[in-house]
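Novice: Following is a predicted model, sequence given first.
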Amino acid sequence: MGKPHILAVAYPAQGHVIPMMELVLCLSKHGFKITFVNTESIHKRVMSAFSVGDYAGEMINFVAIPDGMEPWEDRGDLGRLTETMLQVMPGKLEELIEEKRGIDDDEITCIIADENAGWALGVAEKMGIKRAAFWPAAAAMLGLLFRIQELIQNKILDTDGSILKCHKFTLSPGMPIMSTEIFAAFSGTNAGKILFDSVVYNNKVVKGADWIICNTSAELEPEALSLFPEISPIGPLMASSRSGESAGHLWPVDATCISWLDQQPACSVIYAAFGSFTLFDIDQLQELAQGLEMTDRPFLWVVRPDMTNEKIKTYLEEFEAKIQNRGRIVSWAPQDKVLSHPSVGCFLSHCGWNSTMEGVSNGIPFLCWPYFTDQYLNQNYICDVWKIGLGLSKGETGLITREEISSKVEQLLRDKSFRKRALLYKEKAVNSIQKGGGSDKNMSNFVKWISSGTEMCKP
Ligand code: UDP
């Protein structure tokens, strides 16, 4: 048998492709051959945002399979996307694996699939290939999904995922408070029901995987990981600085903001970025812009191209002209480099788990502005468990006001205890992935398992 050949299957969203890329880049250092599978539409975007000479290009073979939707269809329709993916992708993945069967050095020996792409674990099981599930969010969130049947039995959720009773609870003392708000995205729509069914299916299929690895650390989520010992923490993956430059990004990275950051005083800049999904209406966006202006501090703000329309564009052009060099607006930042830059003082974030791990790994205090699903849970980790950030409250109009933004920035930056605790958590995060740390030990065992023969295969 040739060298181990990993087939990595990513879920088609930015917050899933980047951490999977980071994981396989770590694994590639052990000499494994890696094939990275994206949907065709994500593959196109990854390839067009890829910079020439990126190290990932040498280490990884990128391939694409169709997601079952026509090229012009809206992939924001997650219900339909989930359905077509389930219809088409398992067969296409089987064909891909079959083509490589029996070919020395090319045969797939192990599949690592995003937990949300549970269908790929089903293909691995059917074809007798050993398999691991990768969960790129908090262990507490996966644990909560594992407890869905209890929430249904307790009449908190309906069998289709709709919320029956608004409820706050915790899975164990020391874990963050959870709220049924996390399930709002599943509630009351047909798309929500399809997504919920796929969560229930993934819950089942993941139990048969040889490993469930998670981009977290026992130092950050001790209670969740002792409650769900089947989840093995191997993160935070970016704590030791990202190995790829542009690989995995769906938008071209604008690195010019780094030289602007170089000109700013230490710990002075507010970095405002809201991940890959968050959208603001013009009123909320204006409050945010005015709030940043009111702080009298330098700021770097990411406004993705798909967040804007003509009205927003015009507003932002006028705003930039007024602000001049005090602030920078970019359409996609090299977030890992920004957060490790000494001039960044705080992170105004939607609290996606990758952003959360990246902020924690760099010792940055947070201002939390969650948008949906697990971001509420992540906010509770940041504000209530680790105490390294503050939440923003909506005003009477339902908007987060400019006054709220500027006063919370002041509070966060004036009270040095936030930065102090953030640095403590940075140390914990970095220790876990350093030689002998908990995540490092798990990663070594995971690497051994990949290298081992087929004895652990569960056909
Ligand atoms: N990101 C980036 N540049 C940006 C904004 C985000 O590189 O301008 C990256 C960020 O570092 C993170 C990912 O995009 O790795 C977003 O994932 P997250 O889980 O934070 O949020 P999601 O997009 O899934 O809501």
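Specialist: Arrived safely, thanks for sending.
Novice: Could I get the average pLDDT for the helix or strand encompassing residue 445?
Specialist: Using DSSP states H and E, residue 445 sits within helix 438-451. The average of the pLDDT scores along helix 438-451 is 97.
Novice: Can you name every helix or strand that that helix contacts?
Specialist: Packing contacts for helix 438-451, counted by 3 or more C-beta pairs under 8 Å, 6 or more residues apart in numbering; DSSP states H and E, involve helix 14-28, strand 130-135, strand 211-214, strand 231-233, helix 416-433. Heads up, the C-betas are built off the backbone N, CA and C, glycines and all.
Novice: tell me the angle that helix makes with helix 416-433.
Specialist: Relative orientation of helix 438-451 versus helix 416-433 (axes from the mean of the first three to the mean of the last three C-alpha atoms, to 10 degrees): 30 degrees.
Novice: relative to helix 14-28, how tilted is the host helix or strand of residue 48?
Specialist: Under the criterion of DSSP H and E, residue 48 resides in helix 40-49. Inter-element angle recorded for helix 40-49 and helix 14-28: 70 degrees (by the same axes, to 10 degrees).
Novice: Can you name the element that comes right after helix 40-49?
Specialist: Using DSSP H and E, the helix or strand that follows helix 40-49 in sequence is helix 55-59.
Novice: Pull the distance from that following helix to the chain's centre.
Specialist: Computed by C-alpha atoms, centre = their mean, to the nearest Å, the chain-centroid distance of helix 55-59 equals 22 Å.
Novice: so for it, what's the average pLDDT?
Specialist: 82.
Novice: in the helix or strand following that helix, what counts as buried?
Specialist: Note on helix 55-59: by DSSP H and E, the next helix or strand toward the C-terminus is strand 60-65. Buried residues in strand 60-65, counted by 16 or more other C-beta atoms under 10 Å: 60, 62, 64, 65.
Novice: Between the residues you listed, which sits nearest the ligand?
Specialist: Checking these against the ligand with C-beta to the nearest ligand atom, the nearest one is residue 60 at 17.4 Å.
Novice: So residue 156 sits against residue 168, correct?
Specialist: No: the pair residue 156 / residue 168 is not scored as a contact, 10.5 Å apart, by C-beta atoms under 8 Å.
Novice: out of these two, which sits in the busier spot?
Specialist: The neighbour count for residue 156 versus residue 168, taken as other C-beta atoms under 10 Å, is higher for residue 156 (17 against 10).
Novice: Return the residues in contact with that one.
Specialist: 163, 164, 165, 167, 180 (C-beta atoms under 8 Å, 6 or more residues apart in numbering).
Novice: go with 6 Å
Specialist: 165, 167 (C-beta atoms under 6 Å, 6 or more residues apart in numbering).
Novice: on that earlier part again, okay, the helices and strands packed on helix 438-451 in CSV with mean pLDDT next?
Specialist: As requested, those are exported to CSV (pLDDT from 0 to 100):
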stretch, mean pLDDT
helix 14-28, 95
strand 130-135, 98
strand 211-214, 98
strand 231-233, 98
helix 416-433, 97
